[in-house]
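Asker: A predicted structure for the sequence below; I have some questions about it.
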Amino acid sequence: MLNLFKKETPITEVFPMNFVDIHSHLLPGIDDGAKSMEHTIEMISTMDAYGIQNFITTPHVLGNVWKNSSDTILDKLDLVLEELEKRDMSYIKFDAAAEYMLDEEFVKLLQERDLLTLREDSLLVEMSFLQAPVNLFEMIFDIQLAGYKPILAHPERYGFYHADFDMYHKLKDAGCRFQINLLSLTGHYGKSVQKTAEKLIEKGMIDLAGSDTHHMHHLQTLKKIGTKRNLKLLAPILKNNIEFYR
């Protein structure tokens, strides 16, 4: 049980039982996350120690930068599952989807249905941090027309919306669910991102949470998440992650 009266709660007491981390980069050598199998196991073991034992890891699928396909991702997933079994860590529930950049390559993947979902029909998507696609709402419509439900990764990190908060409302009205990065509430990405994250939560606009873990530095920073304010903000969202997979 979370103790909201402590000045800061240790990371081992932050996550409710059966919490599912739906956004991370833990597959080895496939994007800018884990560089090796040892790195993968180190991060999973650390998160296990934090109280997280359920993962849907989400490698980037990003144009010509990270040209991952369902096959390349699932092949890496099989290797990680084998390694977890070898290390007597089969109690870790580990699966994979993807984080899709909304670009021209994504449009092709959508047409071909070469997509890995978080759940049966939920698709994790992201935008460039420089600007949104000019046809963003058309792409959101096409995702839904194809039978998927878009979940926008880390909306708080899109700085071009910080001074235009109405865009967040328009995205929600268009059918987007929002997934917040836990690190955003630690100030890891800057004060503006932190304030926007808090505002989105306070307005009831955040549906799910994810660690977006890429490396051990992220996990060290995550230890700062357990402030009284953060725990109060996050409590219903962390529960949503559990309900999402029931």
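Answerer: Thanks, I have it.
Asker: Report the contact partners of the residue lying closest to Gly33 once chain neighbours are set aside.
Answerer: Using CB to CB, 6 or more residues apart in numbering and skipping the chain neighbours, the partner closest in space to Gly33 is His25 (2.5 Å). Bear in mind the C-beta positions are built from the backbone N, C-alpha and C, glycine included. Residues counted as contacts of His25 (CB atoms under 8 Å, 6 or more residues apart in numbering) are Asp31, Asp32, Gly33, Ala34, Thr57, Thr58, Pro59, His60, Asp212, Thr213, His214.
Asker: try it again with 10 Å
Answerer: Neighbouring residues of His25 by CB atoms under 10 Å, 6 or more residues apart in numbering: 31-34, 40, 43, 57-60, 66, 99, 211-215, 218.
Asker: Narrow the residues you listed to just the buried residues.
Answerer: 31, 33-34, 40, 43, 57-60, 66, 99, 211-214, 218 (16 or more other CB atoms under 10 Å).
Asker: What's the mean pLDDT across stretch 82-99?
Answerer: The predicted model assigns stretch 82-99 a mean pLDDT of 98.
Asker: would you list every one of the helices in the protein?
Answerer: Applying DSSP state H to the chain gives helices spanning 37-50, 70-86, 104-112, 136-145, 166-173, 191-202, 216-222, 228-244.
Asker: Indicate which one of those is closest to Leu183.
Answerer: Closest to Leu183 of the helices of the chain is helix 216-222 (CB to CB; 6.0 Å).
Asker: Give me the neighbour count for Asp88.
Answerer: 7 (other CB atoms under 10 Å).
Asker: try Leu118
Answerer: The burial count for Leu118: 25, using other CB under 10 Å.
Asker: Narrow the contacts of His25 to those in strands?
Answerer: Per DSSP state E, strands hold the following members of these: Thr57, His60, Glu99.
Asker: How about the second one: which residues does it bridge to?
Answerer: Spelled out, it's His60. His60 has these beta-bridge partners by DSSP bridges: Glu99.
Asker: wait, doesn't it sit right on Ala97?
Answerer: No - using CB atoms under 10 Å, His60 makes no contact with Ala97, being 11.6 Å away.
Asker: got the contact list for Tyr100?
Answerer: 58, 60-62, 68, 106, 109-110, 115-116, 123-126, 143, 150, 153.
Asker: any idea how far it is from Ser45?
Answerer: Look at Tyr100 and Ser45: by CB to CB, to the nearest Å, they are 28 Å apart.
Asker: Repeat that for Lys232.
Answerer: Lys232 is 29 Å from Ser45, by CB to CB.
Asker: next one: Asp166
Answerer: Distance from Asp166 to Ser45, by CB to CB: 43 Å.
Asker: Please say which of the two ends up with more neighbours.
Answerer: Ser45 (13 against 8).
Asker: What is the neighbour count of the nearest residue to that one once chain neighbours are set aside?
Answerer: Sequence neighbours aside, Met89 is the residue nearest to Ser45 in space, at 7.7 Å (criterion: CB to CB, 6+ apart). Using other CB under 10 Å, Met89 is surrounded by 16 other residues.
Asker: And for the one 5 residues further on?
Answerer: The local packing of Phe94 (other CB under 10 Å) involves 20 other residues.
Asker: OK, contacts around it?
Answerer: With CB under 10 Å, 6+ apart, Phe94 has these contacts: 26-27, 40, 44, 53-57, 77, 80-81, 83-84.
Asker: before we move on, what about Ile30?
Answerer: Contacts of Ile30 by CB under 10 Å, 6+ apart are 40, 57, 59-61, 66, 68, 72-73, 75-77, 96, 98.
Asker: ok, now how distant is it from His218?
Answerer: On the measure of CB to CB, Ile30 and His218 end up 17 Å apart.
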